[in-house]
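# Sequence plus the predicted model coming up.
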Amino acid sequence: MSVNSKHIATFLLGAAAALAGAKYMSMTQEEKDKLAADLKDKAHKMKDEAEGAFDKAKEYFDELKTKGTEAFKEHFGDAEKTVSDLFGKKEKPAADATT
């Protein structure tokens, strides 16, 4: 059995988790409380940033949809006819209708 990168990554992740667990167990209660408060604070900041980015992305795509449609109509005014000609229902030729 050969050792590949997944095995090495799993081993390193396990070692890091064991080291973190040992360090946490050696902390005083005040240090544990401070660590928990810091993690909660960072999580709240990350959540707020994600919500802000989500709102900005929604506004951006709404704006892109309206402006994109207008620009498409401006530059490709006959695009609807062209697409209809390419992909619309075709009439059967008279020769095919008799067979």
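On my side now, so go ahead.
# Please, where are all the helices along the protein?
Ranges of helices in the chain, per DSSP state H, are 5-25, 29-75, 79-87, 94-98.
# pLDDT value on the residue most central in space within the chain, please?
A centroid search over the chain (CA atoms, centre = their mean) returns Phe54, at 10.6 Å, as the residue closest to the centre. The score at Phe54 is 89. That number is its pLDDT.
# And it, how far from Tyr60?
11 Å (CB to CB, to the nearest Å). From N, CA and C alone the C-beta is placed, and that goes for glycine too.
# do the same with Thr82
29 Å.
# repeat for Lys34
From Lys34 to Tyr60 the distance is 39 Å (CB to CB).
# One more: Gly88?
Note on Gly88: its distance to Tyr60, by CB to CB, is 33 Å.
# Confidence-wise, which of the helices of the chain is weakest overall?
Checking each of the helices of the chain, the one with the poorest mean pLDDT is helix 94-98, at a mean of 56.
# what about Glu80, neighbour count?
11 (other CB atoms under 10 Å).
# swap that for Ala16, please
Ala16 has 10 nearby residues by other CB under 10 Å.
# buried sites along stretch 11-26?
By neighbour count with 16 or more other CB atoms under 10 Å, stretch 11-26 contains no buried residues.
# which outside residues touch that stretch?
Residues from elsewhere that reach stretch 11-26 (CB atoms under 8 Å, 6 or more residues apart in numbering): 32, 35.
# Give me the distance from it to the chain's centre.
31 Å (CA atoms, centre = their mean, to the nearest Å).
# could you turn that stretch into PDB, dropping everything but the C-alphas?
C-alpha atoms of stretch 11-26 as PDB (Å, rounded to 0.1, in the frame of the first residue of the first chain):
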ATOM      1  CA  PHE A  11      -2.100  12.500   9.500                       C
ATOM      2  CA  LEU A  12      -1.100  16.200   9.700                       C
ATOM      3  CA  LEU A  13      -4.700  17.300  10.300                       C
ATOM      4  CA  GLY A  14      -5.000  14.700  13.100                       C
ATOM      5  CA  ALA A  15      -1.700  15.800  14.600                       C
ATOM      6  CA  ALA A  16      -2.800  19.500  14.600                       C
ATOM      7  CA  ALA A  17      -6.100  18.600  16.200                       C
ATOM      8  CA  ALA A  18      -4.300  16.600  18.900                       C
ATOM      9  CA  LEU A  19      -1.900  19.500  19.600                       C
ATOM     10  CA  ALA A  20      -4.800  22.000  19.700                       C
ATOM     11  CA  GLY A  21      -6.700  19.700  22.100                       C
ATOM     12  CA  ALA A  22      -3.700  19.400  24.400                       C
ATOM     13  CA  LYS A  23      -3.100  23.100  24.400                       C
ATOM     14  CA  TYR A  24      -6.800  23.800  25.200                       C
ATOM     15  CA  MET A  25      -6.700  21.300  28.100                       C
ATOM     16  CA  SER A  26      -3.700  23.100  29.600                       C
END
